[in-house]
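> the following comprises the amino acid sequence and a computationally predicted model.
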Amino acid sequence: MKLDLNLLQVFDAVYDAGGITAAAERLGLTQPAISNALKRLREHLGDPLFERVGKNFVPTPEAHRLAPIIHNALKSIEQGISLSDGFDPARSDRVFSMIMPDAIEPLFMNDLLQQSFRQSPGIRYDVHPFFGTDFNQALISKSMDLGFSTLPNSDDKLNSAYLVDDEACIAIRADHPVYGGRDEFTLEDMGKVGLVSIAAELRAQTHLEHEIRARGVERHIVGTVTRMWSVPYIVSSTDLAGAMSRRMAETFADKLNLKIFRPPLQRPVHHWYMVWHKDHDTDPAHRWLRKRVLEIFARYEPLDLDKAG
């Protein structure tokens, strides 16, 4: 019986993502479609490949044996197609310029740089700060290859793609003497605790700032910083609290021993988008970069809006 190569892509996605739901999101397929593809592949190979153990989706020994073989074969095919387009990431010395707020940098740049170091060492990424730059104009003029924003494209010369959802949160060190044992952070607490915050001109752009001002809460801001990713490092070693992106806080939570609270106000969920000039749609190098970024963000689960702490 002839093997459908699409089944191998499904297997690779399920094995790498650790489950059917995440694999379906990554491939843009429905969960029943993923399940049906696995059923066909199981029948072809004569092995269950994945088994339910409690809530976990565990690969069989045969799946572990096949996984690197299938993954490397798919990569070889992908690289061959890239070569036919005139772009070989392993040999390219392309420099990609990207503009983004620092709140999104920790969500994907580590993985992107590590992948490039291993697989495309000649490629370089230059990241430029979002604040103080005309975002749309930088992309329209093509001085920037790619932009990241909480707004989709607002110009007919630009395209955009959804990446992930996010929201504001309050973070403290988990062993904080006052708030470490708390289950919630109240509006009254916002007026009592010492706060480290981003610079006023950046803070004014956030949903949380507008809500706090509307409630007339007087906060005790001990200091401000220019980069949001400085906030988790400061609160992890002080008795201060900090407002930041929840995705960022969760990225640092285990490493820095942070406790995360919902803000004591309405928390509008916002969305991150990747934005680029339409002229780049057919650029094989640019398509390759966008695919890498989408693959990284596909690993994120949707926000659990009931989760805190």
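Everything's here; your move.

> when you work out contacts or count neighbours from here on, use the C-alpha atoms and nothing else.
Fine.

> pull the helix or strand with minimum mean pLDDT from the protein.
None of the helices or strands of the chain scores lower by mean pLDDT, DSSP states H and E than helix 200-203, at a mean of 57.

> quick check: which ranges of the protein have low pLDDT?
1, 79-85, 131-133, 200-210, 266-267, 305-309 (pLDDT under 70).

> quickly list the domain ranges of it.
5-84, 95-166+270-297, 168-261 (automatic domain parsing).

> export the ones you listed to a markdown table and tack on distance to residue 304 and mean neighbour count?
Below are those laid out as a markdown table (distance: least, Cα to Cα, whole Å; neighbours: other Cα atoms under 10 Å):
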| stretch | distance to residue 304 | mean neighbour count |
| --- | --- | --- |
| domain 5-84 | 15 | 15 |
| domain 95-166+270-297 | 10 | 16 |
| domain 168-261 | 11 | 18 |
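
> helix/strand/coil for residue 170?
Classification of residue 170 by DSSP: H, G, I helix; E, B strand; the rest coil places it in strand.

> what residues are up against it?
By Cα atoms under 8 Å, 6 or more residues apart in numbering, the contact list for residue 170 reads 185, 241-244, 260-263.

> what about these, which are in strands?
Among the contacts of residue 170, DSSP state E puts 241-244, 260-261 in strands.

> which one of the residues you listed is nearest residue 74?
Proximity of the ones in strands among the contacts of residue 170 to residue 74 (Cα to Cα) peaks at residue 244, which lies at 38.8 Å.

> residue 297: which of the contacts of residue 170 is nearest?
If you rank the contacts of residue 170 by distance to residue 297 using Cα to Cα, residue 244 comes first, at 19.2 Å.

> my guess is that closest one contacts residue 166, does it?
No - using Cα atoms under 8 Å as the test, residue 244 is too far from residue 166 to be in contact (10.4 Å).

> which outside residues touch stretch 287-295?
26, 108, 112, 163, 280-281.

> then stretch 211-226?
Outside stretch 211-226, the residues touching it (Cα under 8 Å, 6+ apart) are 187, 190-200, 231, 265-266.

> can you show me the helices along the stretch 51-200 of the chain?
For the stretch 51-200 of the chain, the helices defined by DSSP state H, counting those that start in this stretch occupy 61-84, 105-119, 135-140, 187-192, 200-203.

> in JSON lines: the ones you listed, plus distance to residue 216.
Compiled in JSON lines, those are given as follows (distance: least, Cα to Cα, whole Å):
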{"stretch": "helix 61-84", "distance to residue 216": "56"}
{"stretch": "helix 105-119", "distance to residue 216": "32"}
{"stretch": "helix 135-140", "distance to residue 216": "32"}
{"stretch": "helix 187-192", "distance to residue 216": "10"}
{"stretch": "helix 200-203", "distance to residue 216": "16"}
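
> of all these, which one is nearest residue 10?
Nearest to residue 10 among those is helix 61-84 (10.5 Å), distances taken as Cα to Cα.

> good, we can wrap up now.
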